[in-house]
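1. Sequence and predicted structure are below.
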Amino acid sequence: MNREPTYHEAIMALCPNAEFVTYDNKAPITWHNMNGDSVPTEDQIQAKLTELKNTHTGNKYQRDRAVAYPSVVDQLDLIYHSGIDAWKTKIKETKDKYPK
């Protein structure tokens, strides 16, 4: 299943150092610490969300692969138990299924 960028991700793109909480992935935002970032307006957040969505739709194969790849934990477990060649084979299955 593909998912679109979220409101939270738009805020993170605008304020990568800020600490905040959103409820139901939308406004209102509770700001805890800006860590040097400035508080964006709702219009700025919505513009960034639109930008992320537009970028997101341009790389469908990346979204498909991201959902299909095993978790990092599972990938590391595969490498540990079966070696790097087994991992490469597993990752290649996804790359072949969703080519660029």
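-> Received it, and whenever you're ready, just let me know what you need.

2. Show the contacting residues for the residue lying closest to residue 5 once chain neighbours are set aside.
-> Spatial nearest neighbour of residue 5, chain neighbours left out: residue 52 (3.8 Å); criterion: C-beta to C-beta, 6 or more residues apart in numbering. All C-beta spots, glycine's among them, are computed from the backbone N, C-alpha and C. By C-beta atoms under 8 Å, 6 or more residues apart in numbering, the contact list for residue 52 reads 5, 9, 10, 13.

3. Leaving out sequence neighbours, find the closest residue to the second one.
-> To tie it back to what came earlier, the one meant is residue 9. residue 52 (6.4 Å).

4. does that neighbour count as helix, strand or coil?
-> The three-state assignment at residue 52 reads helix, by DSSP: H, G, I helix; E, B strand; the rest coil.

5. what do you get for residue 20?
-> Quick answer, by three-state DSSP: residue 20 is strand.

6. Surely it is in contact with residue 35?
-> No - under the criterion of C-beta atoms under 8 Å, residue 20 makes no contact with residue 35, lying 10.4 Å away.

7. out of these two, which sits in the more crowded spot?
-> residue 20 (16 against 10; other C-beta atoms under 10 Å).

8. Give the bridge partners for that one, please.
-> residue 31 (DSSP bridges).

9. Relative to residue 38, how far out is it?
-> For residue 20, the distance to residue 38 (C-beta to C-beta, to the nearest Å) stands at 13 Å.

10. Quick one: residues in contact with the helix or strand hosting residue 29.
-> Using DSSP states H and E, residue 29 sits in strand 26-33. For strand 26-33, the external contacting residues (C-beta under 8 Å, 6+ apart) are 7, 11, 18, 19, 20, 21, 22, 39, 42, 45.

11. same thing but 10 Å
-> For strand 26-33, the external contacting residues (C-beta atoms under 10 Å, 6 or more residues apart in numbering) are 6-8, 11, 15, 17-23, 37, 39-40, 42, 45-46.

12. so of the residues you listed, which ones are in strands?
-> 19, 20, 21, 22, 23 (DSSP state E).

13. Nice, that's everything, thank you.
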